[in-house]
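1. Sequence and predicted model, in that order:
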Amino acid sequence: MKRAVSLMIAVLMVAAIVNCAPALSVSATPETLVENVSPAILCDVGEPVALSGYSVEMPDGSVLDSPTWYYGGSEVTTVTADAAGVTELTAEQGSKSRTVYLVSKNPDDTEYVLYENTFDDEESIADLKKTDASRFSVNDGKLVITTTNTANSRIYMPDFLADFGNYNIETSAAMLSSTDASRWFSICYRAQNMQRTGANLGTPYIHMCVRKSMATAGTSTTGGVECVIANATGGWDYLKSTGYTENMTYGTFYNIKVSAYNGTIQYFINGDSVIYLKGVPTVGTASTYCGGIGLQGNSSVMNFDYIRVTVIEEEPEEPEYGEHIIEVPHIETNLLNSVTNVLWTEPTMFIELFRSAPEIVPATVILDLPDEKYVINENDSLQTFRMSGEAGIIPALRVYNSDSVNNIVAACKKAGFADILIVSDNRELLQLARDSYSVIRTALIADGSEGFTDAQDYREYVKGCDANILLLNGELCSRELVSEIQALHVTVWAYNQTKDLNSVEAAWLISSGANGIVTGDYASVYDTMTEVYGERTLTKTPSIIGHRGNPSQMPENSIEGYITAVKNGATEVETDIHLSKDGYVIVCHDGTLNRTTNYNGSLSISQMTLEEIKSYRLLNNNGTVSDYTVPTFEEMLVALKVSLSNLRPTTRACLKPFPTL
């Protein structure tokens, strides 16, 4: 039977000052300090607690070194809880006082629970503070947050939790729908100003943000999973971003956990550590880490099965294997455009390279096995991860069988390792790798036996197995073919497995304009890039991309803006698309029209018809209303008379109309 538990007041057997304390009690030494960031005394049910000897830290850093204790207005010296829960005590000394919580558990339990809510019915959230009460409901034992046509909405757990800053927060969450794949939900914690109302309630705060596209790799700002401070000015201060091993599936529940202990933060998804941070600052103007706890939805419909807050007694230990994004050293050459220098070799040669610690190392090493029947095991993979990380080299493993793929994936998940490349000429193996662990990168070998005649053939060959890189036989790498393949947004690595490469052979590969050069002699490639080519050489023409058109001169995502971008020299243009209520593909960055047009309603693009969308006007860069309307994708194709090369569909449904366009 589920239960909704708010601030649980355990029944106490109180030994008054005039009575003798029980013979058995939990007593504190004079040095025992109840810290401000965790104002709790922990005990088991039925275990007397002698309060003498506990000192209490105040929010200003001062200490009540010999406080008088009160429960329910009566002075006490010893307390005993007869049920698991949280009981308020008051510590007073002179003119100062503060609440301290007696947190009790059953002897067989392992955790001290501060708060738990299993969302049985509407009553379970009736007293909780909300930024907009209309966005929250309870259905079938789940908290529902509906924000598909509004700004972020938060619900905060009871105020007493804001007295804490160190805690574990756990929930089970499922996204049922969202306006696009970048939408998210979050656990908010260390929230300030719990007395505010509306959108300013509980701001600023830190949150664990989890996006629908949670496998998206982290950048200096966003990623699939983020540790972010929502600051006092309404902006975001990104502390850490990363990607999980898979994207979120609608309707699937994921176990989400935040562990916060002073300046150390750790995030988990389904038990896997995804972010570990030390040195996290306090929030806003707060001088301590204390703050409230809440749940938040963003342009989505969310279900939460429960929320559970427990006491954290020790700082989380840094995982033995962290995210392991390898810091590859930048190697200076005479080339202005960056070319990845890759070594293709056997494991024994890699070990020799590792032991010799050369000054110049390849960016990536492809480890090839002489025996195609050999199965790469987990230990092989973990050892490769360790050595590659220490050497600053991204590991790549050539695979010949599904057992090797499965073992590599298992090792990656065990180690939390994301920076790895799997190489094969077998498309099914690469698809297996991507399906099993979506953050893995894959490279498909094309030696020329495929019989392809143009760039489109290669694109379909690579994208058909969700590979990231085309590893193309260097003999086929003419500048024209490489450029055409790259124009279709396929990364090309040119390979020549010769172990004793001369400068002419190396220059042929480099001058092809390929993104990477793969050989058995990376040192010769480096020498060629630094000695044969003059300073600031370009081996390929760079792309100039009109991002959302030319928004500094014309409204963002307008046909006029894209035409202006092309006139100003753009070789490519980029756009985002959404599907309208009546099935039209709409060109717009956001899921709503509020920021880019004079529309100020609450509907998303997916809830509006084309006629409704066309009734509003795009805004200029300075905020004034232009004469231009939001275009459809078809109108954009007709106006530009070219195909777009960087298209961002927000949902799979956006792609359905394409064959008829």
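-> The structure has been received and is ready for your questions.
2. For the stretch 401-550 of the chain, just list every one of the helices.
-> Listed in chain order, the helices of the stretch 401-550 of the chain (DSSP state H, counting those that start in this stretch) span 402-415, 427-436, 455-463, 479-487, 503-511, 522-527.
3. right, so of those helices, which gets closest to Ile360?
-> Nearest to Ile360 among those is helix 522-527 (5.5 Å), distances taken as C-beta to C-beta. Every C-beta, even on glycine, is put in place using the N, C-alpha and C of the backbone.
4. residues contacting the residue most central in space within the chain?
-> The residue lying closest to the centre of the chain (C-alpha atoms, centre = their mean) is Val225, at 1.5 Å. Neighbouring residues of Val225 by C-beta atoms under 8 Å, 6 or more residues apart in numbering: 208-211, 214, 218, 241-244, 267, 269, 274-275.
5. what's across from it in the sheet?
-> Note on Val225: beta-bridge partners by DSSP bridges are Val210, Thr242.
6. Likewise for the one 5 residues further on?
-> In this structure, Ala230 has beta-bridge partners Tyr205, Trp236, where bridges are defined by DSSP bridges.
7. List the contacts of Leu471.
-> Taking C-beta under 8 Å, 6+ apart, we find Leu471 in contact with Val423, Ala443, Leu444, Ile445, Ala446, Trp493, Tyr495, Val518.
8. Selecting buried members of the residues you listed in PyMOL, what would you type?
-> To isolate the buried members of those in PyMOL, using 16 or more other C-beta atoms under 10 Å:
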select buried, resi 423+443+444+445+446+493+495+518
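9. from the contacts of Leu471, which single one is nearest Val361?
-> Among these, and counting by C-beta to C-beta, the member closest to Val361 is Val518, at 14.9 Å.
10. Next, the contact list for that closest one, please.
-> Residues in contact with Val518 (C-beta under 8 Å, 6+ apart) are Val342, Leu343, Trp344, Ile366, Leu471, Trp493, Ala494, Tyr495, Asn496, Gln497.
11. Now do the phi/psi pair for Arg386.
-> Dihedral pair for Arg386: phi -60, psi -50, per degrees, to the nearest 10.
12. residues near it, how many?
-> As a burial measure, Arg386 scores 15 neighbours (other C-beta atoms under 10 Å).
13. What separation do you get for the residue nearest to the centre of the chain and Val258?
-> In this view, Val225 and Val258 are 11 Å apart by C-beta to C-beta, to the nearest Å.
14. likewise Thr99?
-> Distance, Thr99 to Val258, by C-beta to C-beta: 23 Å.
15. what ranges of the chain fall below the confidence cut-off?
-> For the chain, the stretches with pLDDT under 70 are 1-31, 320-325, 353-355, 357, 370-371, 642-661.
16. rerun that using 50 as the cut-off
-> Counting by pLDDT under 50, the ranges of the chain that qualify are 1-30, 321-323, 643-646, 648, 650.
17. On the three-state scheme, Trp69 is what?
-> When classified by DSSP: H, G, I helix; E, B strand; the rest coil, Trp69 comes out as strand.
18. repeat for Phe160
-> Classification of Phe160 using three-state DSSP returns helix.
19. The chain should start at 10 in everything you say after this.
-> All right, first residue 10 from here; so that's Phe169.
20. higher neighbour count, Thr108 and Val267?
-> Val267 (26 against 12).
21. nearest spatial neighbour of that one, skipping sequence neighbours?
-> Nearest non-adjacent residue to Val267, counting by C-beta to C-beta, 6 or more residues apart in numbering: Ile178, 4.5 Å away.
22. Name the residues that touch stretch 418-431?
-> Residues contacting stretch 418-431 (C-beta under 8 Å, 6+ apart): 226, 251-252, 254, 281-283, 328, 330-335, 373, 375, 387, 390-391, 394, 403-406, 408, 414, 417, 438-439, 442, 445-446, 448-452, 478.
23. End to end on that stretch, go ahead and measure it.
-> 10 Å (C-alpha to C-alpha, to the nearest Å).
24. Of all the residues in that stretch, which ones are buried?
-> For stretch 418-431, the neighbour count (16+ other C-beta under 10 Å) marks Val418, Ala420, Cys421, Ala424, Gly425, Phe426, Ala427, Asp428, Ile429, Leu430, Ile431 as buried.
25. and the fifth one, how far is that from Thr451?
-> Gly425 sits 19 Å away from Thr451 when distances are taken as C-beta to C-beta.
26. cool, and the third one?
-> Relative to Thr451, Cys421 is positioned 13 Å away (C-beta to C-beta).
27. Reformat the buried residues of stretch 418-431 as JSON lines; add distance to Asn577.
-> Shown next, in JSON lines, are these (distance: C-beta to C-beta, whole Å):
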{"residue": "Val418", "distance to Asn577": "45"}
{"residue": "Ala420", "distance to Asn577": "49"}
{"residue": "Cys421", "distance to Asn577": "44"}
{"residue": "Ala424", "distance to Asn577": "47"}
{"residue": "Gly425", "distance to Asn577": "44"}
{"residue": "Phe426", "distance to Asn577": "43"}
{"residue": "Ala427", "distance to Asn577": "37"}
{"residue": "Asp428", "distance to Asn577": "37"}
{"residue": "Ile429", "distance to Asn577": "40"}
{"residue": "Leu430", "distance to Asn577": "37"}
{"residue": "Ile431", "distance to Asn577": "41"}
